[in-house]
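1. sequence? don't have it. structure:
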DNA sequence: GTCTATAAAAGGATAGAC
DNA sequence: GTCTATCCTTTTATAGAC
């Protein structure tokens, strides 16, 4: 443990920022509220990080980048160990999603809602080009691995399904705290159930070209326009 | 119908707000930027709606509430038509997710990114209790229907999987504009592929109780800290 | 209903003493 | 490195003329 107060202040700011960003959103969180909650001075953020964007980047460096490195590492390990055998889908999904869920489970209060934070980083346009590139690379590598394990799929459809898996995981993380079971083991079990669900989806053969409309003919009703006719209730 | 300019102004504000909210986020979007883009006066929002929260509620009333009514209506129709036959999972999922995707496809420029807007409404804590209640009801009814169609599942696990489906759909909507295929039919095809993927997941039997860790032993690496840190509360 | 002007508050950022 | 004080900008919101 270092005695430097510097480190402590920086970490406190990062912890506080992570928590508030994930709870309220990045744009909605003022630097003042971050320093206030961290118990440090108002000017501390600017001294230690520069500005708000730099603070976000620091959060990414501390948490998200290492997490993504772990995800890539686990893919490396699977591919190295697998040799020429085909890799199990569920194992691939665990390698892809597990480090994220693990991170949320292990981290302290500061990132209890990692899923929300990640969702926000994706949604709120934070111009962290490096982050985006990193996610892109991760996605590509896993999409390729999945396409290899499921040759019938093709890389594009594997990539699509991988996005759905990501969306599912974000929902899991965001609702994790609502679990009625004991926090830690509950999350683990829900994760396993999610993997099971997703793996079954991935194993589904690529649909030929059935054509189905997502809308009923009278869907225009949805828009709040027209279509008063023909509605039987 | 009406010649009143009032209606036009209100709609222009709503269109503009929808677009900007979905692109930049609610908190990050100023009322000024909304009126500016709508080409109406700065004070118009306050005159017509009151404040920012009321504006959000107006958006919900105009778009999201009707959309959710459609989703419930389609469930009603499926249950009525089905009688005692068991309802097809894919059909249930189309009824649940279709109206959302249809809405994004049908609506004008104002809501091109409906998925993002919905995600934001969920994530950014907008205190619209009514909206939340409405989503809750929707979720419950579909979870029950799915549990009925898949008796082995149980309502809780059906509800979990339904959340994953929602997460997947949000990803679909958010990335819909990136489609390389022609916008409309591309979305339709991707939607069908997603349904196919999700339905396969839903049909997977409930996993007994295999126990798997989502983390490798050295997952602590993910956190960027070292493992000898020891236990915590 | 629409506009201009402006009040009142909050946010990001910095200077300079300690 | 930390603190106080402050500047500048943006934002919500309102008052009042037209």
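-> Arrived safely. These figures come from a predicted structure and were not determined experimentally.

2. and the worst-scoring helix or strand of chain A on mean pLDDT, what does it pack onto?
-> Least confident element among the helices and strands of chain A, by mean pLDDT, DSSP states H and E: helix A:114-123 (a mean of 83). Helices and strands touching helix A:114-123, by 3 or more C-beta pairs under 8 Å, 6 or more residues apart in numbering or on different chains; DSSP states H and E, are helix A:5-24, helix A:89-106, helix A:155-174, helix B:114-123. Bear in mind the C-beta positions are built from the backbone N, C-alpha and C, glycine included.

3. does that helix reach DNA strand C?
-> No - Helix A:114-123 does not reach DNA strand C (C-beta under 7 Å from any atom of the strand); its nearest approach is 14.3 Å.

4. now the angle from that helix to helix A:89-106?
-> Angle of helix A:114-123 versus helix A:89-106, following axes from the mean of the first three to the mean of the last three C-alpha atoms, to 10 degrees, is 100 degrees.

5. now render the helices and strands packed on helix A:114-123 as a markdown table, adding mean neighbour count.
-> Output for those, formatted as a markdown table (neighbours: other C-beta atoms under 10 Å in any protein chain shown):
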| stretch | mean neighbour count |
| --- | --- |
| helix A:5-24 | 19 |
| helix A:89-106 | 23 |
| helix A:155-174 | 23 |
| helix B:114-123 | 24 |
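
6. re the thing from before, what residues does the following helix or strand past the least confident helix or strand of chain A touch?
-> Scanning forward in sequence from helix A:114-123 by DSSP states H and E, the next helix or strand is helix A:129-149. Contacts to helix A:129-149, defined as C-beta atoms under 8 Å, 6 or more residues apart in numbering or on different chains, come from residues A:57, A:60, A:64-65, A:68, A:71-72, A:75, A:78-79, A:86-89, A:92, A:96, A:121, A:153-155, A:158-159, A:161-163, A:202.

7. same thing but 7 Å
-> Helix A:129-149 is contacted by residues A:60, A:64-65, A:68, A:71-72, A:75, A:79, A:86-87, A:89, A:92, A:96, A:121, A:153-155, A:158-159, A:162, A:202 when judged by C-beta atoms under 7 Å, 6 or more residues apart in numbering or on different chains.

8. nearest to DNA strand D, out of the helices and strands packed on helix A:114-123?
-> Proximity to DNA strand D (C-beta to the nearest atom of the strand) singles out helix A:5-24 among these, at 3.1 Å.

9. which parts of stretch A:64-76 are buried?
-> A:64, A:65, A:66, A:67, A:68, A:69, A:70, A:71, A:72, A:73, A:74, A:75 (16 or more other C-beta atoms under 10 Å in any protein chain shown).

10. and which of the residues you listed is nearest residue A:128?
-> Nearest to residue A:128 among those: residue A:64, at 9.6 Å, using C-beta to C-beta.

11. what parts of chain A come near DNA strand C?
-> So far as C-beta under 7 Å from any atom of the strand goes, chain A lies against DNA strand C at A:29, A:30, A:31, A:32, A:33, A:42, A:43, A:46, A:50, A:51, A:52.

12. widest-spaced pair of the residues you listed?
-> A:33 and A:50 (18.4 Å).

13. where's residue A:131 relative to DNA strand C, distance?
-> Between residue A:131 and DNA strand C the distance is 19 Å, computed by C-beta to the nearest atom of the strand, to the nearest Å.

14. roughly how far does that residue sit from residue B:113?
-> From residue A:131 across to residue B:113, the span is 20 Å (C-beta to C-beta, to the nearest Å).

15. also residue A:143?
-> In terms of C-beta to C-beta, residue A:143 sits 23 Å off from residue B:113.

16. how about the helices and strands packed on helix A:114-123, which one is nearest residue B:103?
-> helix B:114-123 (5.8 Å).

17. and that closest one, how far from the chain's centre?
-> The chain centroid and the centroid of helix B:114-123 are separated by 6 Å under C-alpha atoms, centre = their mean, to the nearest Å.

18. identify all contacting residues around it.
-> By C-beta under 7 Å, 6+ apart, the surrounding residues in contact with helix B:114-123 are A:25, A:116, A:119-120, A:123, B:18, B:21-22, B:25-26, B:103-104, B:107, B:111, B:131, B:170, B:173-174.

19. so, in contact with DNA strand D or not, stretch A:44-60?
-> Yes - Stretch A:44-60 lies within reach of DNA strand D by C-beta under 7 Å from any atom of the strand, at A:44, A:47, A:48.

20. most neighbours among these, please name it.
-> Tallying neighbours with other C-beta atoms under 10 Å in any protein chain shown puts residue A:44 at the head of those, with 18 neighbours.

21. which residues touch it?
-> Contact analysis of residue A:44 by C-beta under 7 Å, 6+ apart lists A:9, A:13, A:35.

22. how much space between the last one and residue A:20?
-> For residue A:35, the distance to residue A:20 equals 11 Å [C-beta to C-beta].

23. next one: stretch A:190-197 to chain centre, how far?
-> 16 Å.

24. buried stuff in it?
-> Of the residues in stretch A:190-197, A:190, A:191, A:192, A:193, A:194, A:195, A:196, A:197 count as buried by neighbour count, 16+ other C-beta under 10 Å.

25. now stretch A:127-135
-> Residues A:128, A:131, A:134, A:135 are the ones in stretch A:127-135 that count as buried (16+ other C-beta under 10 Å).

26. among those, which ones lie close to DNA strand D?
-> Of the buried residues of stretch A:127-135, not one also sits near DNA strand D (C-beta under 7 Å from any atom of the strand).
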